[in-house]
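Asker: show me how the following folds:
(one chain, ligands or ions: 1)
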Amino acid sequence: METVVKNSGVELNVLKDMNATGHEQIVFCQDEATGLKAIIGIHNTVLGPALGGTRMWHYSNDGEALEDVLRLSRGMTFKAAISGLNLGGGKAVIIGDSRTQKNEALLRRFGKFVDSLGGKYITAEDVGMGTKDIEYISMETKHVTGLPEHLGGTGDPSPVTAYGVYMGMKASAKHVYGSDDLEGKTVAVQGCGHVGRQLVGYLIKEGAKVLVADIFEDNLQECKLTHPGVQIVDAQKIYDTQMDIYAPCALGGTLNDDHIDRLKCTIVAGAANNQLKDEKVHGQKLIDKGIVYAPDFLINSGGLINVYGELMGYNKEAALKKAEFIYGVTLEIFKYAKENNMSNGEAAIQYAQRRIDQIAKINSVL
Ligand code: NAD
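Answerer: Got it, this is the predicted structure:
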């Protein structure tokens, strides 16, 4: 994706990028008083309002943030569609360090921008954001989900995301090893955050050998305290470590030329969005290396199922039950990909797009 935003205004490829990715709307938000710099990406609203979390990250430049929001919001469209939810795809990014620059005023100002879209975009948590932050955003807009339980929400969606990833990982194991039992398998979890930590819990319980990596020592120590059985590996060396399953649960783009060359595993199944740096190139590269890839937007859809449940009035238990469907759909996608000689990622996109195209036909009928 070519994303050139030059301060001089000479070269601006945003509309070209939007056209290439099929985006409906991009909203740039800036506020001097609070220091807010954010971008809201609305990819597709055929199935319903665009729902997707807000990520706060210290991007090195605006172009990187724009590229991230374009890729993430497109992924949300497919995630909602493949999960059978009546939602479109959207996502937002706030440019900044969530550990030092996040505060009530900045988040509430962001909430006002979300509100100005009148419900076309609904926000929730993502990397660098927690339920308290969502609470601040909700002070300025009702178009928010993933609220804390004491405010009538379903709280942090990560446990349901982790459960869905676990389901997708088990389905992948069934496909590759003939059994979905993870006992004795070595699983490397990259990122001990909200989802990674919960996933580790399921894996340890099942008897897997779990390796963990994170860029922050305190996250690793917290994980080790809860799950003493985990083994810590250096964040830089994770790709060179022998393992059965690589579970990316940090940021996207880790499946790139360099990392795939180094990977020593048979399955990739994790929570991170947009794991493939380039869908076509790296989807094929994994096939060539004999590594089975569980499509990220399918197996990490538990969180979206959870926040959708909050909007529709069902509880966390119902969301967990619904997330179990990920096991069966993952196996269906593997079969479809094999029959049609395509990568698992391409197969999942075709599945999702088929539903969007079908529903588009009935949208114009009263
Ligand atoms: P989080 O911010 O709680 O955790 C991310 C963790 O990754 C942090 O501990 C961070 O320090 C670590 N990290 C960052 N870069 C790293 C690197 N290079 N190597 C190792 N660790 C690194 O985020 P989260 O909510 O756990 O989400 C994790 C991923 O899953 C994200 O890509 C997110 O978009 C995706 N996801 C999350 C949910 C959800 O419900 N939270 C739902 C769907 C998808």
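Asker: for the residue of the stretch 51-200 of the chain at minimum distance from the ligand, what are its contacts?
Answerer: Closest residue of the stretch 51-200 of the chain to the ligand, Cβ to the nearest ligand atom: Gly193 (1.7 Å). The way it works is simple: take the backbone N, C-alpha and C, and place the C-beta from them, glycine included. Shown in contact with Gly193 (Cβ atoms under 8 Å, 6 or more residues apart in numbering): Val127, Ser158, Asp214, Asn219, Cys249, Ala250.
Asker: looks like the fourth one contacts Cys192 (just checking).
Answerer: Right, the one you point to is Asn219. Yes: Asn219 lies in contact with Cys192 (Cβ atoms under 8 Å); the separation is 4.4 Å.
Asker: more crowded one of the two?
Answerer: The neighbour comparison of Asn219 against Cys192 (other Cβ atoms under 10 Å) goes to Cys192, with 28 against 17.
Asker: list the contacts of that one.
Answerer: Counting by Cβ under 8 Å, 6+ apart, Cys192 touches Val200, Val212, Ala213, Asp214, Asn219, Leu220, Glu222, Cys223, Cys249.
Asker: the residues you listed: which ones sit near the ligand?
Answerer: Ala213, Asp214, Asn219, Cys249 (Cβ under 6 Å from any ligand atom).
Asker: ok, the first one - how many residues close by?
Answerer: This points to Ala213. By other Cβ under 10 Å, neighbour count at Ala213 equals 23.
Asker: what is it paired to in the beta sheet?
Answerer: Gln190 (DSSP bridges).
Asker: ok, for Leu85, nearest residue in space, not its chain neighbours?
Answerer: Spatial nearest neighbour of Leu85, excluding adjacent residues (Cβ to Cβ, 6 or more residues apart in numbering): Tyr308 at 5.0 Å.
Asker: just to confirm, which helix or strand has the one you found in it?
Answerer: Secondary structure assignment for Tyr308, by DSSP states H and E: helix 302-312.
Asker: that helix close to the ligand?
Answerer: Yes: against the ligand, helix 302-312 shows contacts by Cβ under 6 Å from any ligand atom at Gly303.
Asker: ok, the closest residue to His58 other than its chain neighbours - how many residues close by?
Answerer: With sequence-adjacent residues excluded and distances taken as Cβ to Cβ, 6+ apart, His58 is closest to Asp97, at 4.5 Å. Burial measure for Asp97: 11 neighbouring residues, criterion other Cβ under 10 Å.
Asker: what does the stretch 251-366 of the chain have sitting close to the ligand?
Answerer: Looking at the ligand, the residues of the stretch 251-366 of the chain close enough under Cβ under 6 Å from any ligand atom are Leu251, Gly252, Ala271, Ala272, Asn273, Asn300, Gly303.
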